[in-house]
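Trainee: mind folding the following:
(2 chains)
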Amino acid sequence: MSLLSATNVTKTYRVGDIDVPAIKGVDFVIEPASFVAFVGPSGSGKTTLLNMIGCLDHPTSGTLKVLDTDIATMDRRAAAHFRGENIGFVFQDFNLIPVLTAYENIEYPLRMVQKWPAEKRRAQVMRLLDAVGMADQVGKRPDQLSGGQKQRVAVARALVSQPKLVLADEPTANLDHDTAYRILELMKKMRDEFRTTFVFSTHDPKIMGEAETTFILEDGRLDSEVQLEELGHA
Amino acid sequence: MLDVLGIASRNLSRYRRRTVLTLLLIVIGMVAVLLFIAMAGSFKSMMVGQITDSILGHLQVHRKGYVASIDNLPLNLNMKPAMVAKVEEALKQNTAVETWSPRVKFGGMFSNFAETTSIRVNGIDPERETATMPLLPGRLVEGPKEGALLDKGQIVIPQLLARGMKTKVGDTVVVVATNSDGSVNGKTFVVRGILESASGPGGRDGYVHIDDARDLLRMRDKEVSEFAIRLKDFSRLGSVESQLKQALESLTNKEGKPALEVHTWADLSPFANLARMIDLMTVFIKIVLVSIVLVSVMNVMIMAVYERIREIGTIAAIGTPPSRILSLFLAEGLMLGVVGTIAGAVISLGAIYGLNIWKLTFNFGMQQNLVLEPSIATGDVLTIAAMVVGVAIVASLQPAWMASRMDPIHALRHV
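Mentor: Sure, this is the predicted structure:
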């Protein structure tokens, strides 16, 4: 069973009296535990597609199934519940909660979304902090961390509730080259360790090579699916 | 819930100065209201206590029409013995009545043999009068305070009259009055004491023994102008008034209407209007408090939502249910309300305690150096506290609702 499948998915926004198509009928399948990139220039529809995969938005037409659930059938509350249970998010700007420490930011989904018991929560957070190499920074707030450290915390937060899918929209855009590679390495390591599917978007050609499967988006259309081996990055 | 409160408190600490200023507004409002209630309540209860416990009693019974022409102290509207018996029977049977005092009231001329002036006199049974008006002996500014208020042949006169007529305790004076038949009679009295003037009707009356009054007025029967009544529990005023009216309504006049009237102190004293004004001002100041809390909390919560739009988008995206987002913002409003309320209540109670140590005095009418003893009922503190917390929650409701309904995509795009 595939983790994600899209069949002729379109998304059209209405701006005033004009319909603006953002996604123009895309089809793809993503298998569990894969490491996938959606690549394309700004305005190509990467974020729109990721928003739909993340149940933050609905397709205008077509079928988009995430974990065998048609996301078009979910209302706002059900979508929030689905996201909380199955999807982790990593954002370009890290989006950590500034008043919470690194530990508390990672703990947030377990505390406020899934309500894990305190003991279990603590063990899981410490495991993730350890996994992302931030165990010695637990008490620091986001303004006391570097960009790379913030993104490590964000990756840990996305993984802490053991989701089946992590979506990362331009996760390296605000990082220097070395740090960006290290974050991608970390994400791969996490994929290997937790068997979580990572889907990320990027417009950086150097970064896209890190993906095992790359979908190229241009003007809302999926041009091709390129396997890592085909690109010669194995 | 504790998780929500924990994060709410962190969020409030984000902009400490703004939070402190909002709390200050709530605290100042709360202190202003509680102090006003304590001071105004103290003033009101002191004045009401003085009026009821030294002049009027809690309730009074008169013959119908007497109160309407009370300025003339009409002797022809005194209660006849049959009416007196009926009233006393009703008062005896009512368990809420502690005691009562029959009075014969009349207007007369007061002479010190050199000068003459008018005087309003209450003929009283001293024992019953002091039992019904426990503060009356305390108003004696001259003359022995121990023993009966007066005996037969003695008169207690108001301070203003004594000063104007240069009359002292022990002096012999004459009171001349016209009786209901129109004939004039006079009687000599020895001044037993001089009473401090008090606000309200009867606050400048003289007192003689009821037997002397009847003798002076040449009453053949034991008539009574009014009964002043003291209740065991002042808070039962309304219900006892109704009970007495019901008990006395069987006594009718020629027109078939009740021959007797029952009045509360408030019906007889103009101070009741002032008391009502104080109550009205209390309501007004409560409205001001509600407005302060509403505007300040709503302002700070709207700011909080607009400043944290991306954060709201983030927590919504990672699966925080809308109801949890709503509760996060409501908890912030709740905490502002609760902390402001606790601080306001503590400061207010401290200030009230301080005012009771460092006595606050004031003058009211003829009365000088009245000491305020502000106090506030627990119920009042709890009501105001509940009001502030409730308004703080209501003020947070709209911003919290706005946050919980926010579209995560738009929120995440917000710059």
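Trainee: could you use CA atoms for every contact and neighbour count after this?
Mentor: Fine.
Trainee: what residues does the stretch 201-350 of chain B have near chain A?
Mentor: Along the stretch 201-350 of chain B, the residues adjacent to chain A under the rule Cα under 8 Å from any Cα of the partner chain are B:310, B:311, B:314, B:316, B:317, B:318, B:319, B:320, B:321, B:322, B:324.
Trainee: now restrict these to buried residues only.
Mentor: B:310, B:311, B:314, B:316, B:317, B:318, B:319, B:320, B:321, B:322, B:324 (16 or more other Cα atoms under 10 Å in any protein chain shown).
Trainee: and residue B:379, how many neighbours?
Mentor: By other Cα atoms under 10 Å in any protein chain shown, the residues close to residue B:379 number 9.
Trainee: quick check, nearest of the buried ones among the residues of the stretch 201-350 of chain B next to chain A to residue B:120?
Mentor: Taking Cα to Cα as the measure, residue B:120 sits nearest to residue B:324 out of those, at 73.4 Å.
Trainee: A strand includes residue A:223, no?
Mentor: Yes - counting by DSSP: H, G, I helix; E, B strand; the rest coil, residue A:223 is found in a strand.
Trainee: wouldn't it be in contact with residue A:215 here?
Mentor: Yes - contact criterion Cα atoms under 8 Å: residue A:223 and residue A:215 qualify, at 7.5 Å.
Trainee: so for those two, which residue has more residues nearby?
Mentor: residue A:215 (22 against 13).
Trainee: which of the three states applies to that one?
Mentor: Strictly by three-state DSSP, residue A:215 counts as strand.
Trainee: give the bridge partners for it, please.
Mentor: Beta bridges link residue A:215 to residue A:38, residue A:225, judged by DSSP bridges.
Trainee: list the contacts for the residue in chain B positioned nearest to chain A?
Mentor: Residue of chain B nearest chain A, by Cα to the nearest Cα: residue B:319 (3.9 Å). Contact analysis of residue B:319 by Cα atoms under 8 Å, 6 or more residues apart in numbering or on different chains lists A:79, A:80, A:81, A:82, A:83, A:84, A:85, A:109, A:113.
Trainee: state the pLDDT value of residue A:221.
Mentor: The model reports residue A:221 with a pLDDT of 88.
Trainee: cool, residue A:168 as well?
Mentor: Reported pLDDT at residue A:168 in the predicted model: 89.
Trainee: and residue B:220, by the same measure?
Mentor: 86.
Trainee: show me which residues of stretch B:322-341 are buried.
Mentor: B:322, B:324-338, B:340-341.
Trainee: now stretch A:33-50
Mentor: Using 16+ other Cα under 10 Å as the test for burial, stretch A:33-50 gives A:33-40, A:44-50.
Trainee: smallest gap between chain A and chain B, at which residue?
Mentor: residue A:84 (3.9 Å).
Trainee: how far is the longest strand anywhere in chain B from where the chain is centred?
Mentor: Counting residues, the longest strand found in chain B (DSSP state E) is strand B:97-111. Centre-to-centre, strand B:97-111 and its host chain are 25 Å apart (Cα atoms, centre = their mean, to the nearest Å).
Trainee: for whichever strand or helix holds residue B:305, buried residues please.
Mentor: Residue B:305 is part of helix B:271-307 when elements are defined by DSSP states H and E. Buried residues in helix B:271-307, counted by 16+ other Cα under 10 Å: B:271-272, B:275, B:278-279, B:282, B:285-286, B:289-298, B:300-302, B:304-305.
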